[in-house]
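Trainee: when you get a sec, could you give me coordinates for this:
(one chain, ligands or ions: 3)
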Amino acid sequence: MSPLKPARTARSAYLGLGSNLGDRRANLARAVELIGSARDTAIAARSSLYATAPVGVTDQPEFLNAVVEVRTALEPVELLDACLGIERELGRIRTVRWGPRTIDIDVLLVEGIALDEERLTLPHPRMTERAFVLVPLAEIAPGIVVGGKTAAEWAAGIDSTGVRPVDRDWL
Ligand code: X6L
Ligand code: MG
Ligand code: MG
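Mentor: Ligands and ions are numbered 1, 2, ... in the order given. Model (predicted):
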């Protein structure tokens, strides 16, 4: 018999968090706590908290956004399911597309993985267009490469006038 299953190796992944309903900071803090308690997953870094002007649907409350790095042995779709479960746990109700939400947790990047599946595309296909993602990502992972440029390069080249750091120590 083969006594051991091959060990899964942990990788870094980057998650984008946003909230613009209820106690936004509490929602983000609770989300980070739940992410860190997911199976085979630990928080490795977190960005500052940023107040950001809404994009897509602009007529909605201001967001708080952040990016966290996790070390996880979960497969990308398992990580996605963990994030969606936490969104539900925190009372997210999906009504209007791009509308207000208590919490949104997006899988942005998983180290060494590119995929295009029904449920998940990695890297996140629109992350390089969004200052509310790039600015916090560049804070914690300036040298990470996506689409041939580093996060710092992407962040330096985008209009980030709607993105304002509000708290470095928010957990
Ligand atoms: C044209 C068409 C231009 C659509 C932009 C951008 C749509 C972003 C959706 C767009 C477009 C999104 C957040 C947000 C949303 C957030 C801030 C989305 C999904 N989520 N604004 N808008 N932070 N500041 O987390 O990202 S809706
Ligand atoms: Mg999102
Ligand atoms: Mg989402």
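
Trainee: Tyr50: how many residues sit nearby?
Mentor: 24 (other Cβ atoms under 10 Å). All C-beta atoms are positioned from the backbone trio N, CA, C, and that covers glycine.

Trainee: residues making contact with stretch 138-156?
Mentor: The contact list for stretch 138-156 (Cβ atoms under 8 Å, 6 or more residues apart in numbering) reads 14, 45-48, 67-69, 109, 123, 127-128, 131, 134-135, 137.

Trainee: one more: stretch 45-54?
Mentor: Contacts of stretch 45-54 (Cβ under 8 Å, 6+ apart): 18, 20, 25, 28, 32, 60-69, 131-132, 135-137, 139-141, 162-168, 170-171.

Trainee: one more time with 7 Å, if that's ok
Mentor: 20, 25, 28, 32, 60, 62-69, 132, 135-136, 139-140, 162-168, 170-171 (Cβ atoms under 7 Å, 6 or more residues apart in numbering).

Trainee: what segments of the chain are strands?
Mentor: Ranges of strands in the chain, per DSSP state E, are 11-19, 41-46, 49-52, 63-72, 104-110, 115-116, 121-122, 145-146, 149-150, 163-167.

Trainee: state the mean pLDDT of the fifth one.
Mentor: The reference is to strand 104-110. Average pLDDT, strand 104-110: 98.

Trainee: what's the answer for the first one, then?
Mentor: Summarised as a single mean, pLDDT over strand 11-19 is 98.

Trainee: is that strand up against ligand 1 anywhere?
Mentor: Yes - looking at strand 11-19 against ligand 1 by Cβ under 6 Å from any ligand atom, the contacts come from Gly18.

Trainee: any part of that strand near ligand 2?
Mentor: No - figure legend: strand 11-19 not in contact with ligand 2 (Cβ under 5 Å from the ion); closest approach 5.7 Å.

Trainee: helices of the chain, start to end?
Mentor: Ranges of helices in the chain, per DSSP state H, are 24-36, 76-89, 131-140, 151-156.

Trainee: now, of those helices, which is deepest in the fold?
Mentor: Comparing those by mean neighbour count (mean count of other Cβ atoms under 10 Å), helix 131-140 comes out on top with a mean of 24.

Trainee: what angle do that helix and strand 104-110 make?
Mentor: Angle, helix 131-140 to strand 104-110, by axes from the mean of the first three to the mean of the last three Cα atoms, to 10 degrees: 50 degrees.
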